[in-house]
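In: build me a structure from this.
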Amino acid sequence: MSWGTELWDQFDNLDKHLQWGIEFVERYNKFVKDRTDIEISYAKQLRNLSKKYQSKKNSREEEEQRFTSCRAFMTLLNEMNDYAGQHEVVAENMSGMIFAELARYIQELKQEKKMHFQEGRRAQQHIESCWKQLEASKRRFERDCKEAERAQQHFEKMDSDLNVTKADVEKARQQAHTRHQMASDSKAEYCSILQNFNKEQHEHYYTNIPNIFQKIQDLDERRIVRIGDSMKTFSEVDRKVIPIIGKCLDEITKAAESIDEKQDTQLVIESFKSGFEQPGDVEFEDFSQSMKRTVSESSLSNNRPDGKPDSKSGKSKGKLWPFIKKNKLMSLLTSPHQPPPPPPSSTTPSAVPNGPQSPKQQKEPLSHRLNEFMTSKPKIHCFRSLKRGLSLKLGSVPEDFSHLPPEQRRKKLQQKIDEINKEIQKESDERDGLTKMKDVYVKNPQMGDPSSVAPRLAEIGQTIEKLRQESQKFEAWLAEVEGRLPTKSDQTRRQSEMYESQSSAVNNCPQDRESPDGSYTEEQSQDPQLKVAAQNEFDDEFDDEEVLTSIGTCKAMYPFEGQNEGTITITEGETLTVIEEDKGDGWTRVRRSEDEEGYVPTSYVEVYLDKSVKGT
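Out: Alright, predicted model coming up:
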């Protein structure tokens, strides 16, 4: 099966076919280039995706890395990054092994095709010139034969005519002989050219054209084989990275299988455990005993054990245990219960001779106050958390982590101690190295000056000493926290004692504890142990309170006399520090100095909040 014998007369069609084959190779090579671009783009997108979801270097992300699900996700992202790298390898191999090679081969293919078809065209031109020469010799031979025949006829006519002279007859005979000779020469030439043409034609169609077409056939077959090899390479490039991609997928599966829900659950406990114990049972309060109280002033004054009349003042000298221990307690619990007084109708001091009366709190029975105090404990903790949260937002994080619950504080302190110990170890290693260097310098002065190391050694010593002091400070705080962590029995006993003291205070309350204005006074015979226990209990709750941060300033537009707990007295035109906004009850918490703070009516002051507070 040869193109030279089967397609000897299809030169032009073969030219078109080979041109189509080259264009097909170019189209396939463009396909490979597009596939390479897709692989590069896909790998880039995968890397960007992996980078987008990688954890940032901050404390929150580091905390998340403790969970097995987060670590598995990080493994997935890392493996996805490697997966993208394999696509880059595919793109690189396809570009170098297929696209670049095919691009060079296409150029060689075009050059070889051009050479073979130029050779074929030369062979065609040669046979066509031989054919034209044969045609010319044939026409000349035909013309000479006709001329010789006409000359012979003219001679015969002249010879048969009696009127023609002998000279004319001879002339005609000579002319006919010449024409016959020319025809004979043309015949010989035509025969020679014909034989030569037949030889050339045979050589053209049986030798030259088959050889040229065979070269073109070989060229096209090599093109087809090259396309097949390129497609095999195309698949091999992908197949080579399949094992590595499989390993990436295996690692992702392994990471997914390593997720432990129990371990993550335990980490949640370790992260948020406060160290506090659950509250114990609430003791029963027996209110069935009748409390024989009178409401007349005479009975109040006559029934007192000491016989002294009760004061009508709203502020008793000895109020119920912890409620006047610190002036800021009531402000920490809540703002004044009563709504604030309306501002004066005139802004001048003369319009309000004595100033507006401060709101008076409605006094409640002792048992109600005790119940309110007991039930408000969770609110106190919540308020403390909110206040400390605001301090954290403003950047004032306590160095001893006192804003955290005991368990979390212990972990933070331990972590800080470990970090300091690492720094100490690092500095100690550097000091040991410098000490050895100094010893070498002492033994071999030519290697260096020992005194050049002394400043650095002194600096390292000071640094180590500072770090040790820091470590001791944090260790002291850690020991304090570990010593204060309550056990279940301690917590239950503590609450039980408190509830018992509450019940005894209610059941043993005498009739004359209520003053004419509804307030309570403290008897001289009150149990001192109860007072001390309640006061210590109160101090334990509030000794660790932090000072609220300033959120702005305010200017007093009217004078105000603070007569109740939680309020302070202000004068017109006075400038104070705002530490808590109006919560909708008409009171604003202000501070005059470090130890004097309280609530004032919002309508009596003009508040200027900081921009940072307004933004929040």
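
In: okay, CA-based contacts and neighbour counts for the rest of this
Out: Will do.

In: okay, now Pro343: neighbour count?
Out: 19 (other Cα atoms under 10 Å).

In: and for Thr68?
Out: 21.

In: got the contact list for it?
Out: By Cα atoms under 8 Å, 6 or more residues apart in numbering, the contact set of Thr68 is 258-261, 263-264.

In: mind putting the residues you listed into TSV with distance to Gln425?
Out: Output for the contacts of Thr68, formatted as TSV (distance: Cα to Cα, whole Å):
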residue	distance to Gln425
Ser258	34
Ile259	35
Asp260	35
Glu261	36
Gln263	32
Asp264	32
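
In: which among those residues count as buried?
Out: 259, 264 (16 or more other Cα atoms under 10 Å).

In: among the contacts of Thr68, which ones are in strands?
Out: Judged by DSSP state E, the subset of the contacts of Thr68 located in strands is empty.

In: from the contacts of Thr68, which single one is nearest Met97?
Out: Of all these, Ser258 has the smallest distance to Met97: 40.2 Å, by Cα to Cα.

In: wait, doesn't the closest one sit right on Arg71?
Out: No. If you go by Cα atoms under 8 Å, Ser258 and Arg71 don't touch, sitting 9.2 Å apart.

In: tell me how far Glu594 lies from Glu574.
Out: 16 Å (Cα to Cα, to the nearest Å).

In: and Val590, what element?
Out: Val590 belongs to strand 587-593 when assigned by DSSP states H and E.

In: packing partners for that strand?
Out: strand 575-580, strand 596-601 (3 or more Cα pairs under 8 Å, 6 or more residues apart in numbering; DSSP states H and E).

In: one step back: which one's more surrounded, Glu594 and Glu574?
Out: Legend: neighbour count by other Cα under 10 Å for Glu594 and Glu574, higher for Glu574 (14 against 7).

In: so what pLDDT did the more buried one get?
Out: Per-residue confidence (pLDDT) for Glu574: 90.

In: if I read this right, it contacts Thr553, doesn't it?
Out: No. Under the criterion of Cα under 8 Å, Glu574 is not in contact with Thr553, lying 10.6 Å apart.

In: in the stretch 301-450 of the chain, what spans have low per-residue confidence?
Out: 301-339, 344-397 (pLDDT under 70).

In: let me know the next secondary structure element after the strand or helix carrying Ser69.
Out: If you go by DSSP H and E, Ser69 is part of helix 68-94. Counting by DSSP H and E, the element after helix 68-94 in chain order, helix or strand, is helix 100-160.

In: following that following helix, which helix or strand comes up?
Out: On the C-terminal side of helix 100-160, the closest following helix or strand by DSSP H and E is helix 166-203.

In: which strands and helices sit next to that following helix?
Out: helix 100-160.

In: for the stretch 201-350 of the chain, what spans make up the helices?
Out: With helices called from DSSP state H, counting those that start in this stretch, the stretch 201-350 of the chain shows them at 209-257, 261-272, 297-302, 329-333.

In: and these as a markdown table, adding distance to Gln124?
Out: Shown next, in a markdown table, are the helices of the stretch 201-350 of the chain (distance: least, Cα to Cα, whole Å):
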| stretch | distance to Gln124 |
| --- | --- |
| helix 209-257 | 9 |
| helix 261-272 | 85 |
| helix 297-302 | 144 |
| helix 329-333 | 113 |
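
In: which among these is found nearest to Ile579?
Out: Among the helices of the stretch 201-350 of the chain, helix 329-333 sits nearest to Ile579 (Cα to Cα), with 11.2 Å.

In: OK, contacts around Lys44?
Out: Residues in contact with Lys44 (Cα under 8 Å, 6+ apart) are Ala84.

In: can you rerun that using 7 Å?
Out: Counting by Cα atoms under 7 Å, 6 or more residues apart in numbering, Lys44 makes contact with nothing.

In: doesn't it lie inside a strand?
Out: No. Using DSSP: H, G, I helix; E, B strand; the rest coil, the assignment for Lys44 is helix, not a strand.

In: could you point out which residue ranges in the stretch 1-150 of the chain have low pLDDT?
Out: 59, 61.

In: go with 90
Out: 1-12, 53-67, 71, 120-121, 124, 144, 148 (pLDDT under 90).

In: repeat that for the stretch 451-600 of the chain.
Out: 451-458, 470, 472-551, 561-568, 579-587, 592-598.

In: can you give me the helices for it?
Out: Counting by DSSP H, counting those that start in this stretch, the helices of the stretch 451-600 of the chain are 454-484, 488-507, 528-542.

In: if I look at Tyr604, how far off is Ala556?
Out: 6 Å.

In: neighbour count for these two, which is higher?
Out: The residue with more neighbours, out of Tyr604 and Ala556, is Tyr604; 25 against 21, by other Cα under 10 Å.

In: need the pLDDT of the more buried one.
Out: Looking at Tyr604, its pLDDT reads 91.

In: go on, the one 3 residues further on?
Out: Model confidence at Val607, expressed as pLDDT, equals 90.

In: which elements pack onto whichever helix or strand it is part of?
Out: Counting by DSSP H and E, the element that carries Val607 is strand 605-609. In terms of contacts (3 or more Cα pairs under 7 Å, 6 or more residues apart in numbering; DSSP states H and E), strand 605-609 is packed against strand 552-556.

In: partner strands of the strand it packs on, parallel or antiparallel?
Out: Paired neighbours of strand 552-556 in the sheet (DSSP bridges): strand 575-580 (antiparallel), strand 605-609 (antiparallel).

In: dump stretch 238-247 to CSV, restricted to CA.
Out: C-alpha atoms of stretch 238-247 as CSV (Å, rounded to 0.1, in the frame of the first residue of the first chain):
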residue,chain,number,x,y,z
ASP,A,238,-1.3,12.5,35.0
ARG,A,239,-0.5,8.9,36.0
LYS,A,240,2.8,9.9,37.6
VAL,A,241,1.2,12.2,40.1
ILE,A,242,-1.7,9.9,40.9
PRO,A,243,0.3,8.1,43.7
ILE,A,244,1.3,11.4,45.3
ILE,A,245,-2.3,12.7,45.0
GLY,A,246,-3.5,9.4,46.5
LYS,A,247,-1.1,9.9,49.5
